[in-house]
Structures are given as C-alpha cells and as structure tokens.
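[1] let me see the structure of the following:
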Amino acid sequence: MLWVITGHNRRPAAEAGLAVTPTTDKRLIRIADTAINARKRTKLSLSAPGRVRSDRWPPPARPMRAVGLWREAAGCRDSSAAVWRHPEAAPTSTGSTLRECRRGCRGRPPCPQLGSPPDHHRPRPRRRPVPNSPGTVGRWRTDTGVTAHPRQRPRRRGRTKDHDPGRTWMHRRKHRPAAPAVATLLTAAFAGLTLGASPTHAAAPHAPTGGEGNATAVDSVLLITGDRVPLDAHGEPTGFVPAEGREGMRATVSEEGDSRFVIPSDAMELVEQGVVDRRLFDVTELSRPEYDRLADGGLPVVVRYENAIAAARGAAPGTAHADLDSLNARALVLDGSTASATWDSLTNGPEDNPRLRTAAPGVAGIALDAVREALLDTSTAQVGAPAAWDAGYDGSGTRIAVLDTGIDATHPDLAGGKVVAAENFSEAPDLTDRVGHGTHVASIAAGTGAHSGGTFSGVAPGAELLNGKVLDDEGFGLESGIVAGMEWAVAQDAGIVNLSLGGFDEPGIDPVEEAVNRLSAESDTLFVAASGNSGNEPGGLSSPASAEAALAVGAVDDADALAEFSSVGPGADGGGLVKPDLTAPGVSIGAAAAEGSAVAEEGEPVADGYVGVSGTSMAAPHVAGAAALLAQAHPDWDGERIKAALVGSAAAPADGGGEMRQGTGRLDVARAIAQEVVAEPASLDFGTTAWPHEDDEPVTEDLTYRNHGDEDVTLDLALTTQGPGDSAAPEGMFALGADRVTVPAGGTATVPVTADTRPGDETTGHFSFTVTATGTDGTTAVRTAGAVEREAEVYQLAIEVTGDDGRSETGWGGHATNLDTGDSYFFGHYEEDGTTGPVLEVTPGTYVLSLSTTVWDSEAEEVIERVNHTAALPDLRADTTLALDNRETEPVAITMFDAEAELSDQAMNVRTPRVREIGSDIDRPAYRTLHTGPDVAEDGLTVTMYRSWINGENTEYHTAFQRRGTGFTGLDEHVEASELARVEVAQNAVTEGTTGSLWINSDDYSSSSRDRALPATTDLYVTAGDIPWDAVLLVRGDIYEYQLFRAPSRTYQAGEHVRTAINVPVFGPGFGTYNGLSRQGNVLWGSVGLFTDAEGNTGESDYESALSTLALDGEEIARYEDAGYIEAEGLPAEDGRYTWTSTVSRPGPLSSEVRAEFGFDSAHVSPERAASLPLSVVRFTPELAPDGTAPGGAPLRIPVEVQGPAAGNLADLTVEVSFDGGETWQEKPVRGDTVVLRNPPADGSVSLRGSLSDQDGATSTVTVIDAYLTR
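    Coordinates of the predicted model:
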C-alpha cells in the first residue's frame, strides 16, 4: 500500500464538495466530541500550509467557545441546552431579590466511597446556568440561598421508574475544558421482543409508558424515526429499540456534557448536513417532563418546507399543531404510531442502501419544536425615561406585545383597557399569569404605576399592550408557539415585541431566530430580546437575542456595572456580529406582581402589589418601553431605525470589558429622543478572517450617519478598540476613513471603517471597537460598535479512501480527534462514486482518526461487511492528505473452542481521552481492519475487538481483544477455555411467571440478550485480565412489571470460577458503581439504589409513589418526586447540617415501602472537582427462600452489613424489627454482625430498620417495610 500525506492547495469549501446550507438550523449542526477510531503506519511528506477562505457554512473548524469550565455551542435546553457552564463559574450574589427562573443540571451519580470521583463521574454541568445567588423554590430564586429543581428529572410514571446540497459533510467539535469525558457509544440496534425480531435477541431494558400514577424509573424516549431509547433512573440510555420494520438498525450514542444523543445510522448524514435537527435525538432533552406536558407525551417537531406551496402540500403523518407561515413550516406532534411513518414520508433512501437517506422533495428541514422558558422605581430614571416623559412622550399610540407567561390585566397598573388584545399560544388552559413573569415584564415596559402613585411606572406608561401567552403555567413553551405568537403580534400591529425568554444559542439559525429575522424584514416591528442569564463568560448569549435583527439586551445594576448573571457574546456562529447590542437595568427591578403567582409569592416585596426581580428578562422591557417612546416621537420610523437610534445613543459602559459584553452601553432613551443623528447600521460585522493572517485583505464597511434635523451637524469621530482579554486591539487593525464628518440636514454622510487583521502576531479571537461620533454642538453623541473574528491556527486535512475496485470509495464516515487539544471532528462522504472525500479544517496537533464503510445486502436488508480504518497523524502542522486503501485491510477471524457456539454479537470500539464508543453490531457482518500511522501514547488510543457467542439457552462466551496506542490490522485468534473465567449467574424469581433478560457489558460493549423464564442460571465465560465485565438483569412479572438490577463491574483471572446471584431478597437501600452523594462547589447531587438486592446488585423497580427531600439545618431546600435521587445548587458555603430523605412505595409483597435518611455536615468544596460525601447504609442479608420467605415461628439469623465509610468508623449501630408493617418497633441486639429474630407465625411480615452513626457525626437510617414474609 502507498499511503501518502502531501501538502495541497486550500480551496473554497464549495469547490471541495462540502455541504452548504445557508439557513441551517443551529441545533441541526450540533456534533458531539464524537468517537474516534485510530490506525497506524505510513510515510509522511508534509508541505507548508496553503490558504483558504471557506464559503461553506458552518465553518468546519470553528472552535467552540468555553464558558466557565464547560461550554459548547449548542441548543436551547433550559436545564434540560446546549451551552454548558460550570455551576461555580460565576460569583455568588449577596442580593435577596428574586432571580430569573432557570432549571438546573442533572447530577451524574458519583463513584461510591471515593474521596474524589474521577472525571467520568463529575456532575453534568447545567445547561441553563445563572450565577449562584439567592436560591430558588421550584424554579424561582428566593433568599434561602439554595436552588432546588423539583422538575428537572424526567417525570416518572409509577416506577423507579431534507435538503441534499451534496453529500460530503463534516463538522468539528472542540473539547470543553474539564468536562466529563466525552463518550460516543455505538450501541447495538437491539431487536425488541415486541417487535417481531429475531427470537435470539431481546430488547434493551425498556419500560413501557404508563399512565399517571404508574411511574417508571426508566423512561422510554421516542425518536422521530419511530425508534425508542430506554433510559435508566439517571437519564442514561440503556439501549436502542428499533421501530417495527427497522430491526437491525444501528445507532450512535454520544455523550456531550450533560446530553446524551442517540442517532440511528440512517439519520446521521441528514443530521450532519443540517437538514435534521440533532436535538430530535437528544434523549436528555426529550426526557424533560415539559415535553410530556406541552406535547401530551408526544414528540413535537417543526417541518420546514422550501416554499409556501410545498408547505401547503406537506401532509406528513402526525397531529398538526400549528402552521407557521413566516417559516413555510408546520408544527406536528408525533406519537409511537406515527413517528416512523413521518420519518419515511419526510426522507428518502436509495433502494441499494435505504439507510443513506436524503430529504424528501420540498422538505427544507426537520427541527425539534423545542422547549423555551422565561428567562421600577429607580430604573426608569436610570435610562432617562422621566426626561422623555417631560418632553411629552409616554408611548401613546404605540403597541408593545409581551410574549411571555401572560399578563394579569386586573393589576391596577395594567387594568382599564391597557391590554387591548390577548391570545393563548401555550399549552396552559387559559391566559391567567400563574407564573407572574409576564406581568412583571409588562409592568416594566408599560405599566401605569397607578397602584403606587406613579412610583413604579413603566418606561412607556401610555403604550398599549398585547398579551401573547407563549409560555405555560410553569414558564415553558414550544418554539412553534413562540413563533405563532410573533406572527400574531405583527398581525396585531405591534410596533415592538418583547421576548424575555429563550434558550442557548447554537451555530446556524433556529426557528425562532429565523422568525425574528424574517418578520423584522417583512414588517416595521422591532423584536427586543433578553440576552440570557448564563454569566459573563464569553459565548453565553441566548437565542433569539442572537438573531441578527433582534435588539439584544444585557443587564446592568443601578451603578451601570454589568450584572454578574448577564450573558455576553459572541454568538455561537462567531464572526463579528456584536451582541448584546446594549444593556439596561436588570438587577432588583420593582414591578407589578400578578396576584397569586409564583413571583408574587416567592419574590422580595418592594411595595404593596410589587416585587423585586433580577434578570435580563427585566432589562429587555426597559428597552421595549424606550422603543415605544421613540416610535411615538418618530411614527414614520421602522423597527430597524428605532434599533439603530437606541443602540447609537447608549451611554458608554461604566466598567468597560469590550463590545461583546455590553454592546454600545446602557440604554439612554432621553438622548435617543433628543438627538437628531442616527448611525446605520446599528453595528458593523466584519465576519471572520481565515488563518493564516499574514496575507489577510483589509475589509471596509460603510458607516452612515443620518441627520433627521433641520440643521447640519458636524461630528468628531473617535475610535476605541478591544482585543481578546483586557488588551486593546493591535495598532492598525481598525481605521476610520475620516476623523470629522458633516451630516447635512435631512441627509446622510458616510465614513468608511476598515478592519485589517494582519496585525496581531499570534493572537486570535474576537477584536472589537466603538466609533464615537460627538457633535461639535455638544449635544450629539452617537456610538457604533463593530467586531471581527481572527481565526485561530488551522490546517486542511483531506481524507481519501480507495475502494476494493481501485476507485475512490464513497458511503463512509468517521471521526478525528486532536489528542493535544481534545478538538473532535465528524466527517463523511456520500457523493457519487469517483469523487474525493471531505476536507477538514483542523487545529494543529497529533490526531487519531476512525472511519468505516459497509457493504449492504439489499435482499437480506442487512450489513454483510464492515471495513474499519484507524489512523494516527503525529504533530499535524501543515495541510495534509490522508489516503486510505480498503485493499490493504486484513480480515478479522476470531474462533471459539466450543465449536457448537453461535456468534451472537460483535463490535470494534475505539476510545480516546475524550471519546469512546460502546455497543455491539447485531448484524454480525464480516470485519476487515487496517491501522495506519505510528503508535501514540497508550492513553491516547484504545481499540477493543469484542465477540460474543451462545450455546443453547444457558451458556454464553464474551471475549475482548485490545490494543493500546495503536489499532488492529486484521486479527486471527482462537480462544481456548483456559483463557477465560467462568461466572455462574443465578437469576432468581421472587414471584411465579417472572421472565428476565440478562445483558453482559464491558466498558465499551453491551451484548444482546434473550428473554427467558426465571429462575435460571447462565454460565458466562469472559475474557480474563484487564477487561472489566458487569451484568444487567431486567425482570418482568405480574406484580412487578419492571425491575432492573445492575451487578458491580469487575475483572477476572484466567481459570477463575465465580458464583453469583441477582434478584435476591432483601431489597433495600444500597450503593453500587454509579451511586453515592457528591458536592462540587456549592452544588450537591446524588442517588441511592433503594431496591438493591442482598447480593449488592443495585436495583430499580416499579413504584406507586416516591419522594426525595433535602433539608439544611431542618429547613427543606429541595424536593423531588423521584426515587433515590436528589440535587440542589446554590448551597451556602458555610458548614451546615444536611438531611437527605428518600422514600418509595410500591405494590406487591416485598419491600412495599423503603426509606433512607442520611444526615451529614457539608461546606463549600472546590468547584474544580467533585468530592464524595460520607454516606453509609445498613444492609440486611438473611438466607431466605427465593420468594423472600422464611419459616414462620422459627428463629432466623440476619447478617447486618454496614456499607460505606462508616464500616471502619462506626460509633453506633441499632437494628429494630416490626411485625405490624412498621406501626410499632422493637430494638434487637446486634451481636458481632448478626441479629437473631424469632419469626412471627406463617403468613406474617417482618420489617427491618437499621440506624448508624460514625465517629465524624454522619448518620443514616434505612427502613424496609415487608423486608421478608413468613410461610
């Protein structure tokens, strides 16, 4: 094989055959730090880098910006989107006013009994971060100092519970510093038992959806393809269940911060092209309870068509939710009976390989109809409103639409016909504002102040209000409802629309941003949007504030200092778009409180009928009101000019920091009305200049000054600049074409502004400036901001694959990861045969790559051969071509000593420091592999080849062959019995008619399973050595429809023989591999397995009710209707006494009620790494019959085990017994590690309670009602 890397000339992306989607949905482009396969051995010939300015969007190698510790440009998700930020990244507020609502993160279970959990057990960072500040009750911040999020876990129901612009595509992900290890899981497409699939393979653990009161700890998430993904109690995908007719479909499961994406293979290309929204496969997002409520348990989607005619003809299956004319789109709600048919109707696949799909004719995009949420006395004076009032302007004759949670029109400040029209676009039953957010916002914009004698008057008290309720009674709403509300507001002649709502910005254009831009262009309406509350780290801007046409508003305090929670730019698309545009007061803003609302009850009262709230949601309506005053003063101005006037008249920021933090400064409506000169456009965007920069061409944009007055105005121009960090931009980077200009009365004058990115040495990032035009008359001051992004060092990596026929291969995809930086790239090539592969723009460093191609048998409808390449590229610092040849691959042949064993599963999975793959290949195709390039560090690349066999009903073999620092070039192995360990797994049946499915897992692998009657015993033979194995047993029966047990993970020695059992009573609290309690900074989270069996296998089960609470010094601060899970954030740094109590009740004879209570002291710990808290439990392990019974009237020895750190630090241990279901208790002496009881007569019940304390003061009490029965 000749494998050559050569320098090549860069060329525009369009010439390279890269997909271009001008209006790509931001959420559609979100690519994981995904799996990388790697290989070895080649010749290197590196040339000097060339140069390119790519026309492709999105730029393939744009670095993701870091916010706090973790940041990814991605989607609106509230707790549930796509920019991640460490909980402790922002300083703690000492104020006591109500903070903006925001959901928290899903805590990831910590490692048990470890003083400092490893990175892969760090908590999942919050998706909707705001600074630690006074805490919340529910979703609203109060002065308790603690944030609790009772709804952030998926709702449990009775159990613990296309467009085809060219088919070469690629995208790049950058590792977020200090994030949990990124994982990409290639999981088998398990054929479900109910799907009529192969009888030898059972579905992954999956609980069906039940009705209210029938909760489950493992939710099943529906994908648009019709497939389902079961989740465990912590939101982790436990398998992939293809829809009927899609048996054998593979899926890629990727882990990105706190998100888990499960993307079927036939959707991957459409996702990467930006045609299909990636969040349609974000099972973390889809498991949010808001979707159950807002979409009636279905999957809400928005189908965008190429034009209005196509939209009118679109008749995809599913329930039509809304027609969105401004987007040529239709909102649908799909269920399990319509999703697969919808997928087939919206996409097409070639007959020779139906999994390579394109969008159906007329379909422009398919997006998730995602959930969005709701993000005045002295403040009106701060922005100059009294001066405008004195000049006769109060907003009369204008209309402000408040799209929010509703408006309480009975409040005196908003009564008397103030609200002239109202419409409900939410899932709430009526227009009542039960949250209070919308009322507060409306009061700031246009409240009359009647109830306070004018003290709390809004900015534009004379303006009319439109009440568009787009968020429900918990502050959440679907994007389709928001867009529908925007269209309604424009139709109702709203001059200004206030959007104090949103979600995180992502690359591309999401439906709400697109609606803002289109409606702004098609009408005179101005859309004012809150910038978000994710803190001051770069890149936290919310959508739709990120829309180019939106007037994005950040928040300042009463001293004009940027609020610690106020989100700043740049937007996720990068470039030179300045956001936010300006700032306005947003800290402790007093405004109207809707009667009986959450805000009224939980906020800080500032006067009768008024409450103080902080957030950019409060800043935005100041600007909306100011826009109304300006519209009254200039009724002929459109929204674009009003925006320019407000932005240009802002007061300079008090604390600097650059234009990407505060735009042009704080709102000054008095100046906006008084001065006659407006600068157009409102800001200057110089885009992104590609690396290297020595030959960058200067770019010039025109800045136009328009004089609306009757006299000429002469302006002196001054330029201030800002580079990355606190430094100024290099001298010469920005220049004005003139330092003085005269603007004629009623006319315009233009000044060229030039950005030259050649200066700057090695510094890259965003450089910004402000042009201040000061009138010689001393009354005019116009400020205009602008920016340019100087791209970081990148090179082009071209990938070419030669097929077995000697021609350029097509139909392949893969990943590349920079081992030095963690940057990851996803690429693929699906062009016509004979075309070249993708060209990636990559950061310098050492790379490992993985790609694979398959051979599809159209008659058998399955993959019959898979060709896998891995490669290593050391120190890539030049434009490079990687040429791979399928003809050089070698076959993989692994045989088993048991000639009668049948191959059941196989996989080749790759792991890098940031990425890993997991799963199996149920089609069992033939494998060929090749590794190209030199070895890398052992921890830089791990490739594992898995094979599983079955022999009869009760014998299984699971083998693994591993390479570290390199990959496989073929493999020829014969497995002997002496190389394996034998594990006998007895699977118990507590009740008759029980069935079970047993999965065998390793770090990167999950076998398929077979459903069998229990009890049963399976002989497992597993590879010995460093490969860890564990087992998962799903148990179903008439009493317990769902129970799931997970055995601890461990390694084995060759020849070792181990006997173990699963589903063995007593079932009570216990800790396994993924349970425990951790604190990181001022965030606490954890879980306990409340139905752990006597063998120590952590368990989950059906349940009727569950409750977990956390109390601090006796006061409850967090509450979840969830079994064994707790989380709270914003905890005080001071040491305090915490009590975590978790209770669950279920039907059936055993463990009908289980309760665990833990007491411990805790104080602030480092936000850099999670620390385990000292949880211990008392466990009971008597020898019982399989059905959990013991002889009546006979003595019984009950071993008592202390699990946790108290085992070696015990101060006190007490055991109690109850024979009447817990009504009365009697203490029993513990002798050694045993309690001896005399059982009650037959048909009796024994309940057990164990309490302990350790020498450090930690305590716990576990209670198991009906621990066992007597016979």
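[2] domain ranges for this protein, per the record?
    Listed domain ranges for the chain are 296-368, 370-530+541-651, 675-792, 1068-1270 (source: automatic domain parsing).
[3] could you dump those into TSV with mean neighbour count added?
    For every residue, glycine as well, the C-beta is placed using N, CA and C. Shown next, in TSV, are those (neighbours: other Cβ atoms under 10 Å):
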stretch	mean neighbour count
domain 296-368	20
domain 370-530+541-651	25
domain 675-792	18
domain 1068-1270	20
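[4] same list (those domains) but as a markdown table, adding mean pLDDT.
    Shown next, in a markdown table, are the domains of the chain (pLDDT from 0 to 100):
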| stretch | mean pLDDT |
| --- | --- |
| domain 296-368 | 81 |
| domain 370-530+541-651 | 93 |
| domain 675-792 | 93 |
| domain 1068-1270 | 94 |
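[5] any chance of those domains in TSV, plus distance to A1047?
    Formatted as TSV, the domains of the chain follow (distance: least, Cβ to Cβ, whole Å):
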stretch	distance to A1047
domain 296-368	31
domain 370-530+541-651	36
domain 675-792	46
domain 1068-1270	5
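[6] closest one to G226 among these?
    domain 296-368 (2.7 Å; Cβ to Cβ).
[7] and that closest one, end to end?
    The stretch domain 296-368 measures 15 Å between its terminal residues, going by Cα to Cα, to the nearest Å.
[8] so how far is it off the chain centroid?
    23 Å (Cα atoms, centre = their mean, to the nearest Å).
[9] repeat that for stretch 230-242.
    Offset of stretch 230-242 from its chain centre (Cα atoms, centre = their mean): 16 Å.
[10] stretch 1170-1180 too?
    Distance, stretch centre to chain centre, for stretch 1170-1180: 29 Å (Cα atoms, centre = their mean).
[11] try stretch 674-683
    39 Å.
[12] then it to PDB, C-alphas only?
    Extracted in PDB, the C-alpha atoms of stretch 674-683 (Å, rounded to 0.1, in the frame of the first residue of the first chain):
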ATOM      1  CA  ALA A 674     -33.300  64.400  21.800                       C
ATOM      2  CA  GLN A 675     -30.600  63.900  19.200                       C
ATOM      3  CA  GLU A 676     -31.200  64.000  15.500                       C
ATOM      4  CA  VAL A 677     -28.400  61.900  14.200                       C
ATOM      5  CA  VAL A 678     -28.600  58.100  13.800                       C
ATOM      6  CA  ALA A 679     -25.900  55.800  12.700                       C
ATOM      7  CA  GLU A 680     -26.700  53.000  10.300                       C
ATOM      8  CA  PRO A 681     -26.300  50.100  10.600                       C
ATOM      9  CA  ALA A 682     -26.600  49.700  14.300                       C
ATOM     10  CA  SER A 683     -23.300  47.800  14.400                       C
END
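[13] would you mind extracting the C-alpha trace of the helix or strand encompassing V497 into CSV?
    Element membership of V497 [criterion: DSSP states H and E] is strand 496-499. Output of strand 496-499 as CSV, limited to C-alpha atoms (Å, rounded to 0.1, in the frame of the first residue of the first chain):
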residue,chain,number,x,y,z
ILE,A,496,-42.4,46.4,19.5
VAL,A,497,-42.3,42.7,20.6
ASN,A,498,-40.7,41.9,23.9
LEU,A,499,-39.1,38.4,24.2
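[14] what sits up against that strand?
    By Cβ atoms under 8 Å, 6 or more residues apart in numbering, the residues outside strand 496-499 that reach it are 398-404, 441, 445, 482, 486, 489-490, 516, 525-530, 544-545, 550, 620-621, 624, 627-628, 631, 639, 642.
[15] what residues are up against G639?
    G639 sits next to 495-496, 520, 523-527, 627 when contact means Cβ under 8 Å, 6+ apart.
[16] and the residues you listed, which two are furthest apart?
    S523 and A627 (14.1 Å).
[17] residue for residue, what is the longest strand the protein has?
    strand 862-876 (DSSP state E).
[18] the helix or strand harbouring W856: which residues count as buried?
    Secondary structure assignment for W856, by DSSP H and E: strand 845-857. Neighbour-count burial for strand 845-857 flags 845-854, 856 (criterion: 16 or more other Cβ atoms under 10 Å).
[19] quick one: it to strand 862-876, angle?
    Calculated by axes from the mean of the first three to the mean of the last three Cα atoms, to 10 degrees, strand 845-857 forms an angle of 170 degrees with strand 862-876.
[20] how much space between D1004 and D1122?
    D1004 sits 29 Å away from D1122, going by Cβ to Cβ, to the nearest Å.
[21] among the contacts of G639, which lie within helices?
    Judged by DSSP state H, helices contain the following of these: 520, 627.
[22] for A594, state which of the contacts of G639 is nearest.
    I496 (21.3 Å).
[23] and that closest one, bridged to which residues?
    I400, L526 (DSSP bridges).
[24] distance of it from T969?
    I496 is 65 Å from T969, where distance means Cβ to Cβ.
[25] for L223, same thing?
    Between L223 and T969 the computed distance is 36 Å (Cβ to Cβ).
[26] and what of D655?
    59 Å.
[27] the two: who's more crowded?
    More neighbours surround T969 than the other of D655 and T969, with 20 against 11 (other Cβ atoms under 10 Å).
[28] backbone phi and psi for that one, please?
    Main-chain torsions, T969, degrees, to the nearest 10: phi -110, psi 90.
[29] that one contacts Y927, doesn't it?
    No: in this structure T969 lies outside contact range of Y927 using Cβ atoms under 8 Å: 11.8 Å.
[30] so what touches the helix or strand where A584 lies?
    Per DSSP H and E: A584 is located in strand 582-585. Contact with strand 582-585 is made by 378-379, 382-383, 551, 553-558, 560, 562, 566, 618-620, 622-623, 626, 646-647, 650, 653, 662-667, as judged by Cβ under 8 Å, 6+ apart.
[31] helices and strands around the following helix or strand past it, which ones?
    Once the chain leaves strand 582-585, the next helix or strand it forms, by DSSP H and E, is strand 589-592. Identification of packing neighbours for strand 589-592 by 3 or more Cβ pairs under 8 Å, 6 or more residues apart in numbering; DSSP states H and E yields helix 377-382, helix 437-446, strand 610-613.
[32] tell me the secondary structure at D413.
    Here D413 is recorded as helix under DSSP: H, G, I helix; E, B strand; the rest coil.
[33] residues contacting it?
    D413 sits next to 443, 447-452, 456-458, 592, 609 when contact means Cβ under 8 Å, 6+ apart.
[34] closest one of these to T763?
    Minimum distance to T763 across the contacts of D413 is 44.5 Å, recorded for G458 (Cβ to Cβ).
[35] so who does the closest one touch?
    376, 380, 413, 442-449, 591, 621, 625.
[36] now E762
    For E762, the contact set (Cβ under 8 Å, 6+ apart) comprises E793.
[37] report the separation between it and M945.
    From E762 across to M945, the span is 43 Å (Cβ to Cβ).
[38] same check, this time on N886
    Going from N886 to M945 by Cβ to Cβ gives 18 Å.
[39] phi first, then psi, for the spatially closest residue to D1026 that is not a sequence neighbour.
    Leaving aside its chain neighbours, D1026 sits nearest to T1051 (6.2 Å; criterion: Cβ to Cβ, 6 or more residues apart in numbering). With angles defined as degrees, to the nearest 10, T1051 sits at phi -100, psi 170.
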